[in-house]
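1. how would this look folded up:
(one chain, ligands or ions: 1)
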Amino acid sequence: MKRVAILISGGGSNMLALVRDMAGDHPARPVLVASNDPAAGGLAKAAALGVPTTALDHRAYPDREAFEADLARQIDAARPDIICLAGFMRILTPGFIRRYEGRMLNIHPSLLPKYPGLHTHARALAAGDSEAGCTVHEVTADLDAGPILGQARLPVLPGDTEDSLAARILTMEHQLYPAVLRRFAAGDRTPVLLP
Ligand code: GAR
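-> Residues are numbered from 1 along each chain as shown. Okay, the predicted model is just below:
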């Protein structure tokens, strides 16, 4: 059984989708949910499902390295095989990424390689794209540019706003990320393509 640590910063809806899927014949189980924000709504939701949680307020550290050193200590104490970033909104240093190379995944709300970084939905709308979506990829030192492990696409509708598009994509994220984690935890890196 693979052990999975999940890093969040906010509501944690992707984290919940992952945790709920890790049952029965799933090849992995959640061992830790960690947040850089003690107020992240996802922490209580994880705890309610019986998953150990930890919060490290990044603002309390003198620099990124000090924050990451503490985060790595807490992650390593849970002995995870796989780290899932799920709405984790801190940039990670190359040193931290190297430590978990090949076993750290991220979900990003765009059809990468389009729109790495922030404001993905607004950028897709501004570009007049006819489709949008989300991507799960391996985390490498290049921001949002690691090998793609899955992608879900959907049409942009007339009248779509940033919020309406984000909401539809989030629903797809909740299907894509668990499907990718299942496959990845079983040792299969073939990309999951939805629908
Ligand atoms: C999700 O849409 C995720 O793709 C995005 O943040 C949201 C978190 O929602 N992640 C990024 O933008 C990463 N750069 P959640 O906390 O409900 O899972």
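
2. tell me the contacts of residue 195?
-> 152-153 (C-beta atoms under 8 Å, 6 or more residues apart in numbering). Quick note: C-beta positions are derived from backbone N, CA and C, even for glycine.

3. run a quick neighbour tally on residue 154.
-> If you count neighbours by other C-beta atoms under 10 Å, residue 154 ends up with 17.

4. show me what whichever strand or helix holds it is packed up against.
-> Counting by DSSP states H and E, the element that carries residue 154 is strand 148-155. With contacts defined as 3 or more C-beta pairs under 8 Å, 6 or more residues apart in numbering; DSSP states H and E, the secondary structure elements packing on strand 148-155 are strand 131-138, helix 162-185, strand 192-194.

5. and those, which is most packed in?
-> The highest mean neighbour count among the helices and strands packed on strand 148-155, using mean count of other C-beta atoms under 10 Å, belongs to strand 131-138: a mean of 24.

6. neighbouring strands of it in the sheet, and parallel or not?
-> strand 104-108 (antiparallel), strand 148-155 (antiparallel) (DSSP bridges).

7. closest one to the ligand among those?
-> In this view, the strands paired with strand 131-138 are compared for proximity to the ligand by C-beta to the nearest ligand atom, and strand 104-108 is the closest at 4.6 Å.

8. give me the next element, helix or strand, following the closest one.
-> Trace forward from strand 104-108 with DSSP H and E and the next one is helix 120-126.
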